[in-house]
Structures are given as C-alpha cells and as structure tokens.
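Asks: Provide a 3D model corresponding to the input given below.
(one chain, ligands or ions: 1)
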Amino acid sequence: MSDFYQNGVITNFHNLTHRSVESLEKEMVRFARKRKMGLILPSLFSELEGPALDNIVNELAKVPYLEEIVIGLDRADRDQFLFAREFFSRLPQRHRILWNDGPRLKALDAELDKEGLSPSQPGKGRNVWFCTGYTLASDRTQCVALHDCDIVTYERGMLARLLYPLANPAFQYEFCKGFYARVADGKLNGRVGRLLVGPLLRSLQKVYGHSEYLDYLSSFRYPLSGEFAMRTHVLNGIKIPGDWGLEIGVLSEIYRNYTTRQTCQVEIADNYDHKHQPLAEDDGTGGLKRMSNDIVQSLLRKLATMGVPLTSDSFRVLKATYYRNALDMMEIYNHEATMNGLKFDQHIEEAAVEMFTQAILDAGQSFIERPNEKPFIPSWSRVQSAFPDILQRIYQAVEEDNNGNV
Ligand SMILES: O=C(O)[C@H](O)COP(=O)(O)O
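Replies: Below is the predicted model:
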C-alpha cells in the first residue's frame, strides 16, 4: 500500500485500497454519460511487432467507457499501414489510425510547412501533435488520455486510474499525470528520471535561484512518464516540443495555462516495465543520450522564457552542481535498492551519470549557439488561424485512409 502524502503543490492520488478495475469501470461508465473519454496512442510500426502492444490492445478491447481511440502510426509504409488496420480492428470502440507517413497526411504536412507551421522533425512529439489535432477535429470527447505503446506490464486499470480525476464531474482537474515506480528484473529502472531529471531540477534551483516553476516540476513523482490525461479543450492551447522533451514540455505548458489546483498526479500501477533504450545511440533512435539532451534543452529553453539569464559560465557551474547532486542521489538509490533486496550496479549507474553530465554541457552549448533551434510545435489555435479548415481536412484525410483505398 502506498502512503497518502500530499506535497502541497499539486494534488496526489494514491492507490490506498487496490480498488478493483471492475468497480472503477462501473463508475467510469456512469461518468462517461457526462464526460466522454478518448485515448491517444502514439506508436511506431515496430511496436506492432513487439510483445507489449498486443497485450495493450487486448486489454483496451475490454474497456467499456472509451468513446474513441486515436492511434498515431509512425514509420509505416503502405503494407504496414494495412497490417495496422487489421491489427487494431479487434478494438470494439470507434478507433482511427493516423498514417503519418501516408500521402494524404504528408500532403497536409507540406502545406503547413510552407507557413512554417509543421513540426518538421519526426518523433513522438510530432506524432502526438497530429493525434491531438485529429482528436480536436473529431470533437467526440471531453477528456483524453495518452500513453506509450511499449508498456509490457500494461493492464487496463492503469487507464481507468489515469482518467478518473478528469472524468469525475465533481472534480475540477484539467490535467492528470501518471506515476509509479519503475522497478523490474530485480532492479531500479527509470535511469533518466532518477539520475538526470531529479538531480538536475535541484541543481537548477541552486544555480539560478528559487523558482516556483521548478518547485512545480519537482512535485511530479515521475515527470517523464508518458501516461497523462487532460480535458480535451486543453489541447487547443498547448505548444509542445517535437522531440523527447515532450513530457516536460507538456508539464510546462500546463503550468503556464492552469493553476496548480487544476493539476494532479495519480499512482497508476504497482509496477511498470517498458522497452529499455541503450545509453548511447547505436540503435538508430538516439538512445538515452539523445533523450537526455532533448530534455535538458527543453528545460533550458523554458527557463529562458521565464527571464532566467543563461550563460556559458553558468552551464559549467550547473554541470558541476548536477554531478555532485547526482552522485548523492545515486548513493540514496543504492541504499533504497539494498534495503529492498534489489540489485544495484554502481558502475552502470555512474556511467549513466557521466553521460548525463555531458548531455548538460552539450545542451547548454546548443542553446548558446542556436537559441532558435528546436522551437515548440505551434498550438492548434494558431494553426487554425492560418488554416481555418485544417482540422476538417485532417479529419477527412484520416477517414479516407481508414475506410477507403490507400
Ligand atoms: O524513464 C526514464 O528514465 C527513461 O525512460 C529510461 O528508462 P529505463 O531506465 O527504465 O530504460
């Protein structure tokens, strides 16, 4: 059983009673009469061939309260898209697949690009962005959740818990973030969350001074979790980074647009495991090195927008402060692992910290050299002012891809 600690910044929902999924779903079905619910699944075609997604789809097929499922499919050719249509056809809920690499969506993307409104670099952020556009166009839901497709420990109670705070009409929340402990195979996982983001947030406060924004980010127990949910109208006004800074970027946008009383986090699972990426970029996706660089850049760019003066000298101080903090945290995790009878490999952990230290310097350097690079993807409200019919056209393209000839 979890504790019932509240940090005083945002609301924390814990799993105190291990309430059954059936009991939660019964209530969710009732809520769905007033607040219809959707789900966005950003996916790579390769995930359709992996072990996790098959189980996720089987679990989702049993969910009785979902109005719509929007699947963003990246890196799929025509045959793979047709395979995906078949793969997801067992879902009884209304569902649509966005074939991001297909000719219809690519043509729309090219039009947006001419106005500088396209999320140029491919990645999860871009995939999610198009799915949010479709969700707004479809206009069938009042709240929408999002989760990754590589969760090997998925069970549908995670989704019910994630959506509950938004679905309950008696609650005032606009945004909800999932948290859990990433413990699997007898060890602590979540290397970037544990060894980069946690100590970096503390170090930023030390180097640049106290900030309510950093307090807010630090109050999330798993700021990098890919599981979050919001009221659908929130999607209109948020600008997200197109890369691995997506999760932190979304938290920052929520901070800018809503009060902390409208923000909550919920414990969604007892244990969680997912696909692990290598530290360095030897698998073509950039590994944790690219991920950490994107995350640090997203944080730095946000701090700059808040008037924090970022200089090369301060990055060197930040690097040294982070390194000390990270080693201290590592020792704490070592003790945590030992007491819980888990393995702890100090060499692997320290190698990760060294890589993250370099990522901080590299991200700082990129920020100084190219302050305008990696801009946020524009909000849908801006895109609609340039292309008033864009949402209908995305909707139409997706309908044709899903129901017609491709
Ligand atoms: O959450 C994280 O820190 C990253 O996604 C890496 O996770 P992993 O260490 O569990 O692979």
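Asks: where's Val296, which helix or strand?
Replies: helix 287-305 (DSSP states H and E).
Asks: which neighbouring elements make contact with the helix or strand following that helix?
Replies: Remark: after helix 287-305, the chain's next helix or strand is helix 312-339, criterion DSSP H and E. Contact partners of helix 312-339 among helices and strands, from 3 or more Cβ pairs under 8 Å, 6 or more residues apart in numbering; DSSP states H and E: strand 187-188, helix 198-208, helix 346-369. In short, each C-beta sits where N, CA and C put it, glycine included.
Asks: deepest of those, which one?
Replies: helix 198-208 (a mean of 19; mean count of other Cβ atoms under 10 Å).
Asks: on contacts alone, who are the packing partners of that helix?
Replies: Going by 3+ Cβ pairs under 8 Å, 6+ apart, helix 198-208 lies up against helix 212-218, helix 287-305, helix 312-339.
Asks: out of the ones you listed, which is the most enclosed?
Replies: helix 287-305 (a mean of 22).
Asks: show me what that one is packed against.
Replies: Using 3+ Cβ pairs under 8 Å, 6+ apart: helix 287-305 touches helix 198-208, helix 246-257, helix 346-369.
Asks: can you redo those helices as JSON lines with distance to the ligand and mean pLDDT?
Replies: As requested, the helices and strands packed on helix 287-305 are exported to JSON lines (distance: least, Cβ to the nearest ligand atom, whole Å; pLDDT from 0 to 100):
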{"stretch": "helix 198-208", "distance to the ligand": "10", "mean pLDDT": "97"}
{"stretch": "helix 246-257", "distance to the ligand": "9", "mean pLDDT": "94"}
{"stretch": "helix 346-369", "distance to the ligand": "8", "mean pLDDT": "94"}
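Asks: how about the residues of the stretch 251-400 of the chain near the ligand?
Replies: Taking Cβ under 6 Å from any ligand atom as the contact definition, the stretch 251-400 of the chain meets the ligand at 276-277.
Asks: could you list the low-pLDDT ranges of the stretch 251-400 of the chain?
Replies: Counting by pLDDT under 70, the ranges of the stretch 251-400 of the chain that qualify are 281-285, 374-375.
Asks: can you name the residue of it nearest to the ligand?
Replies: Using Cβ to the nearest ligand atom, the single residue of the stretch 251-400 of the chain nearest to the ligand is His276, 3.6 Å away.
Asks: neighbours around the closest residue to that residue other than its chain neighbours, how many?
Replies: Nearest residue to His276, sequence neighbours excluded (Cβ to Cβ, 6 or more residues apart in numbering): Asn189, at 6.9 Å. Close neighbours of Asn189, defined as other Cβ atoms under 10 Å, add up to 16.
Asks: for Asn189, phi and psi?
Replies: phi -110, psi -150 (degrees, to the nearest 10).
Asks: can you tell me how far it is from the ligand?
Replies: Using Cβ to the nearest ligand atom, to the nearest Å, Asn189 is found at 3 Å from the ligand.
Asks: that residue contacts Leu195, doesn't it?
Replies: No - in terms of Cβ atoms under 8 Å, Asn189 does not count as a neighbour of Leu195; the distance is 10.8 Å.
Asks: list phi and psi for the most centrally placed residue in the chain.
Replies: Most central in the chain under Cα atoms, centre = their mean is Gly226, positioned 3.3 Å from the mean C-alpha point. Taking degrees, to the nearest 10, you get phi -90, psi 10 for the backbone angles of Gly226.
Asks: do the same with Val266
Replies: According to degrees, to the nearest 10, Val266 has phi -140, psi 140.
Asks: for it, which residues are in contact?
Replies: By Cβ atoms under 8 Å, 6 or more residues apart in numbering, the residues touching Val266 are 12-13, 161-162, 164-165, 176-179.
Asks: out of these, which is most surrounded?
Replies: Cys176 (30 neighbours).
Asks: wait, what's in contact with it?
Replies: 162-163, 165-166, 228-230, 263-266.
Asks: distance check, it against the ligand.
Replies: 18 Å.
Asks: can you confirm that residue is in a strand?
Replies: Yes - counting by DSSP: H, G, I helix; E, B strand; the rest coil, Cys176 is part of a strand.
Asks: any idea what it is bridged to?
Replies: Cys176 forms beta bridges with Ala229, Cys264, as assigned by DSSP bridges.
Asks: separation between it and Leu235?
Replies: 14 Å (Cβ to Cβ, to the nearest Å).
Asks: gap between the closest residue to Leu196 other than its chain neighbours and Asp54?
Replies: Nearest residue to Leu196, sequence neighbours excluded (Cβ to Cβ, 6+ apart): Phe356, at 4.3 Å. Applying Cβ to Cβ, the value for Phe356 to Asp54 is 33 Å.
Asks: next: Asn168.
Replies: For Asn168 relative to Asp54 (Cβ to Cβ), the value is 31 Å.
Asks: try Gly102
Replies: Counting by Cβ to Cβ - Gly102 and Asp54 are separated by 23 Å.
Asks: could you do Asp401 as well?
Replies: Distance, Asp401 to Asp54, by Cβ to Cβ: 22 Å.
Asks: in terms of neighbours, single out the busier of those two.
Replies: The neighbour comparison of Asp401 against Asp54 (other Cβ under 10 Å) goes to Asp401, with 21 against 14.
Asks: for the more buried one, what is the enclosing helix or strand?
Replies: Short version, using DSSP H and E: Asp401 is in helix 390-403.
Asks: please save the CA atoms from stretch 116-125 in CSV.
Replies: Taking Å, rounded to 0.1, in the frame of the first residue of the first chain, the C-alpha atoms of stretch 116-125 are listed here in CSV:
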residue,chain,number,x,y,z
GLY,A,116,6.4,27.4,-41.0
LEU,A,117,3.7,25.6,-39.0
SER,A,118,4.9,22.0,-39.5
PRO,A,119,6.6,20.1,-36.7
SER,A,120,9.5,19.4,-39.0
GLN,A,121,11.4,16.7,-37.2
PRO,A,122,9.8,13.3,-36.9
GLY,A,123,9.4,11.9,-33.4
LYS,A,124,7.0,11.2,-30.7
GLY,A,125,6.1,14.9,-30.2
